[in-house]
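Student: Sequence and computational prediction follow.
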Amino acid sequence: MKKQSKAKITYDYGTGRRKTAAARVFIRPGSGNFTVNDRPLETFFSRLRSQIIARQALQVTEKEGQFDLLVTVRGGGESGQAEAVRHGIARALVQYNPELKTTLRTAGLITRDSRAVERKKVGLRKARRSRQYSKR
């Protein structure tokens, strides 16, 4: 699904999700600008680990510095957002070039990680943690 922006520039699009975070990723061939919520990647993700995770799909396919990325991400925390961005980039790269799908699949970047926080149950302190037992 190719998208047209206001300036008639063609983007390839991918949606990434992880935990409660959702990322919309638009890529196009360019000089390597990586913008997340109108800020550079390095200022949006403060942890180096999150920056590495967000770039992982580009590094696996050896396409780092060849695309301009425009990302909007909402919900979740920093690690969930970084992994949602990684998932969105992988999907956008597959849309740009379907031949990259096998490379991304072997790296485990196409599959959505469906794990999420389990809800708290009634009568328990957390999802599975019960109250402390008192013998006396």
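Tutor: Done, it's in. Numbering: from 1, shown residues only.
Student: Please count neighbours and contacts with C-alpha atoms only from this point.
Tutor: Fine.
Student: By mean pLDDT, point me to the weakest helix or strand of the chain.
Tutor: The least trusted helix or strand in the chain, going by mean pLDDT, DSSP states H and E, turns out to be strand 2-4, with a mean of 62.
Student: Give me the helices and strands touching the next helix-or-strand element following it, please.
Tutor: Tracing the chain C-terminally past strand 2-4 and defining elements by DSSP states H and E, one meets strand 10-18 next. For strand 10-18, the packing partners by 3 or more Cα pairs under 8 Å, 6 or more residues apart in numbering; DSSP states H and E come out as strand 2-4, strand 21-29, helix 78-96.
Student: Please identify the most buried of those.
Tutor: Each of the helices and strands packed on strand 10-18 was scored by mean neighbour count; the highest is helix 78-96, a mean of 26, by mean count of other Cα atoms under 10 Å.
Student: end-to-end on stretch 69-89?
Tutor: Stretch 69-89 has its terminal residues 8 Å apart, counting by Cα to Cα, to the nearest Å.
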